[in-house]
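1. one predicted model, sequence on top.
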Amino acid sequence: MLTLFSIYKPILLFILLSAFGNFANAQRTDFRIHEYNKQNKLSEELVKSINQDFNGTYYFATDGGVFSLINDEFNLFQLPEGKSKYFKELFRLHDGSLLAVSDDAIYKINPSFEKNEIELLIECNKDPAAPKYPKHVYEDKQHRIWISDYNHIFRMNGKVLEKYVMDEKNLTSSYARSFQFLECDNGNLIVVSQKGWFYKFESESNSFEECNFKQDFLVHSSFKIGANEFLLGTSVGIIKIIVDFNGRVVHNEMISEGVIASCFERLSQNRILAGTWYQGLVEIKLGDKNNFYPVGGFPYFTVNEIIKDEFGKFWVSTNSGAIVMKPKFFTSQFLTTNSEYVACIRKNSKGELISASRNHVYKSIDQYSLKKQNISFTGTLNVIKTFKNYTFIGTEQGNLLVYVADELIKKIPVCQQPISDIEIVSIKEIWLVANKELFKLDLNDAKLKSYFDQFKNRRIVQDICLDKKNTLFVGGEYKHSYLYKYDRENNKFRNISDESPFENVGDFWIRDLEPVEDSLFIGCSLGLYKYHDSVVEKVDLGELSQGEIGAVAVDQYNAIWLTTSKGVIRKRKNDISLFTPDQGLPSKTFTVGNLVVDNRGFLWVGTSNGLAFAKVRDSIPTTPKPLVHIANENNYFITPNAQLEVTKGSMLLLDVTASIYPQKQNQFQYCIIRGVEKIRDWNDISNKNQVIVSDLEPGNYKICIRCKHEGNYLWSNHKIVPLKVNQIWYLRWYILLSELIIVLILIFLTNIYSKQRAKKQMLKLEELVSQRTVQLQNANENLLLANKAKDKFLSIIGHDLRNPFNAIRGFSKMLIHDTDMLSEEEQKELLETIYKSSDDTFKLLESLLEWANVQKGNFKINKEKFDLSVVIQSNLELHKSLASLKGIKVIGKIEKVLVDADKAMIDTIIRNLLSNAIKYSFTGQTIELLVFKNDDFATLEVKDTGMGMTKAQVDKLFKIDSIFTSEGTANETGTGFGLMLSKEFVELNGGEIYVKSEKNKGTSFFFTIPLSKK
């Protein structure tokens, strides 16, 4: 929905600027404008300042922080916690770094090719020696950095601040402005407060001395326009002041009472751009009579700052976003002629431009205006030509009108169709084209001759021209008859059409012929061609080569200018540029043949909507080299000497941008060359400005990228990115060589192996027979040993079983036959002995059966995860009471240990070892149970200080053929078989058992159990 502001904005501008003077008669600059705001990437619209570092990166100071513009994206700088985001100014120092001024600090931005960082330089508002609410930064020619705050001035020496206390009458009333710094060419530094007080800096006294100049106005801005001349933007208008050698204001001139300027920037030598607080952007032409006029199309009222970048573009900070502006190449506004259809433009004998509409004739006065000529005629003008003091007008009605000094002297009917072209050799030789027929006129006798028959009675004549030798060339139609040359001696036209460039084309026609030195440029329906040394060849215009050429002109720097349906083309050496209405052309519809370079070096073009002109210069700006970085890594730019590496088959994606904005006005091209190859073909980069590199063979390459900004810019120098494509690892030469060597070695070894195979086979058979013989011998020996061990084992077992059974038989017999002779107490003792012997025998048999089952593989192990400390505690409680009968103490250090084993087996092992320890310990001794972890196992130690064993006794432990028994300290008996069973149980659970003992000093049994894996 339209607001009242947007509806009445043009009216308000007109009213405000009506007071500026006679701006309507002046030629203003026409700008191409591009906006950055919330609708176009910039999230914070209140922009106070814009600046650019030496790398070409732009920065924006806003009410929401500082943004950098990288890869066409705005990136917000992170500030220290709690610091203000309200920024007022960005100032570029001579070393290329930037100072950023906020409400409560001054920061330094250090440019970097990879990543920019913001550094807190000065903390403000806290220390009286530091600025309070800083406003402005300035660096003078001596590289002294000055800072102004709300009332005082500071000088920064490194990180040390020197404060200059100013009078309270200078206290600013502005949020963003206080003191302005004016530096003269003679070295004088003058500051002007916002309240209008002037001070000069005295180096000897290191102080600011008040000047004798004071006006009743507020000073918002300043700008240097001469050695000691300045413009001041004040609350009453724009004032021009001149300062003398002593720093005194000697001239004070109000140049505008209507413009309240907030900032200035130079447009040209005598033209200044002024930003205003509520009147938008104004162009000022300084001179005897100063002219003011608004910048057409500028969209906002409030302007905070203007800077001109290194590419000649103007960046404008406003309350509604940022604007980038570039003066258009062509100018067409505020000419004294109207914007009517241009029928014809030509140069007169003085090199001045003659322009004609359908009904009027004009002559150029300067590049800004045309003067209407007092030539009146009947009919409709179609073509005009001058010769000495003669003026010739060809009309659409077929009449040739001849004027001398604006007076009609002859009217010559030529035909009933329009006269389309005129060329004059002399008064006796005037050539005319009408209705595609060629005529020659002798003005003295008005004799008219047709050359229709020399073109085989066909109407094919489209254009004629004279070269510097007055040789007449005729442009026609069709590939056999498009170019003729006049033979004056024989009064004949010779067909010089060269058919070779047009072998595979249909009908075509000539639009314009332009002779240059000894060549003839031909603009036709198929593009641009050149005739030289009797040869016609096509002129390469890149992607614009196939369009129809309406007019051809060559400037003083040998650049070729062409009109096409796409716009005006310039070909300068190998550079092709296209100018469209975006660069100031009033229309893309050009009248045929109407393109002229006048003697002042201005290019003029006639369109259906009026004239346009541009100043032709030898120096053309070169587009800066593009910036290239790895895609999706916005802060990683490829440094100049960096080399990229990829593996064959992989893809590389590069983002391409330029440091000249807007990005949408940049055209990028790339090519990939290998080794020392030369660049042949350029490829356009996609709309996403990305280069995709893939499917390259291994080798060293160069990715060449160039950029061209729209309008009057040349192609940039090439950005070259070295690229190395590596072979897939298994296809690399040294891998292939290694594989070949391995194959050869295998063949060699196979050959040797095949030769020795038979011999080795025989040796193996012999060895096998020998081994089998030895194995049989060993098996027999082992069997004999096993039988001996079995016999001895059975002997031991029989002995161990015989003794308890003898005791049972003997004592049982006594109880049967001698009962009457035995007392009750004696009978009870015998029964206890019988029970003990039978119990020991049962335990032995039980252990023997368990051992036998283990040996046969019938014993099933049941592993589970359990806490070893629980089993240990149970055995401690059981054996403490048994040990107390002998006066022995059993202790243990218990901690939670999770193991993975058969719980019953572990219980049996601990019980057997504790029983043995009690058996062989003396009264008053202590038995310890210890547990500790080691790697993946828990180790349990049963330690006593009892009888101990000799080394010979230790060696016999755990062996079936050497089981021995000995009495305990209380004459306890045993078989020694419990240790054999314990050894089997430990090994079944994946552990090991071992013993350390010394005679009469005690014994320690150790066994390990696997820890549980969590």
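-> Cool, got the structure.

2. any chance you could map the helices in the stretch 901-1014 of the chain?
-> Applying DSSP state H, counting those that start in this stretch to the stretch 901-1014 of the chain gives helices spanning 903-919, 951-956, 977-988.

3. who wins for proximity to Trp733 among the ones you listed?
-> Of all these, it is helix 977-988 that lies closest to Trp733, at 56.8 Å by CB to CB. Placement of C-beta: from N, CA and C, glycine included.

4. buried stuff in the closest one?
-> Neighbour counts over helix 977-988 (16 or more other CB atoms under 10 Å) mark 977-986 as buried.

5. what's the local residue count around Phe811?
-> By the measure other CB atoms under 10 Å, the count of residues near Phe811 is 18.

6. name the element the closest residue to it other than its chain neighbours belongs to?
-> Of all residues not flanking Phe811 in the chain, Leu830 sits nearest, at 4.6 Å (CB to CB, 6 or more residues apart in numbering). Secondary structure from DSSP states H and E places Leu830 in helix 824-856.

7. show me the shaky parts of the stretch 651-800 of the chain.
-> 729-732, 782, 785-800 (pLDDT under 70).

8. how about the helices in it?
-> Listed in chain order, the helices of the stretch 651-800 of the chain (DSSP H, counting those that start in this stretch) span 733-817.

9. could you point out which element follows the helix holding Leu830?
-> Remark: after helix 824-856, the chain's next helix or strand is strand 863-867, criterion DSSP H and E.

10. from the chain's centroid, how far away is the very next helix or strand once past that next one?
-> Downstream of strand 863-867, the next assigned helix or strand under DSSP H and E is helix 868-884. From the chain centre to the centre of helix 868-884 is a distance of 74 Å (CA atoms, centre = their mean, to the nearest Å).

11. likewise stretch 399-410?
-> On CA atoms, centre = their mean, the centre of stretch 399-410 falls 68 Å from the chain's centre.

12. now the end-to-end length of that stretch.
-> Stretch 399-410 stretches 10 Å from its first residue to its last (CA to CA, to the nearest Å).

13. same check, this time on stretch 130-149
-> 9 Å.

14. what of stretch 570-587?
-> Span of stretch 570-587 from end to end, CA to CA: 17 Å.

15. beta partners for Thr564?
-> On the basis of DSSP bridges, Thr564 is bridged to Gly567.

16. test my guess that it contacts Gly550.
-> Yes. Using CB atoms under 8 Å, Thr564 is in contact with Gly550, at 6.6 Å.

17. need the overlap of contacts for those two.
-> Common contact partners of Thr564 and Gly550 (CB atoms under 8 Å, 6 or more residues apart in numbering): Phe590.

18. count of neighbours near Lys371?
-> Neighbours around Lys371, by other CB under 10 Å: 13.

19. tell me the SS of it?
-> Three-state secondary structure (criterion: DSSP: H, G, I helix; E, B strand; the rest coil) places Lys371 in strand.

20. going forward, the N-terminal residue is numbered 52.
-> That works, and once the first residue is 52, the last one we named lands at Lys422.

21. how about the contacts made by it?
-> 387, 413-416.

22. ranking by neighbours, what's the top pick from the residues you listed?
-> Neighbour-wise, the contacts of Lys422 (other CB under 10 Å) top out at Ser415, 25 neighbours.
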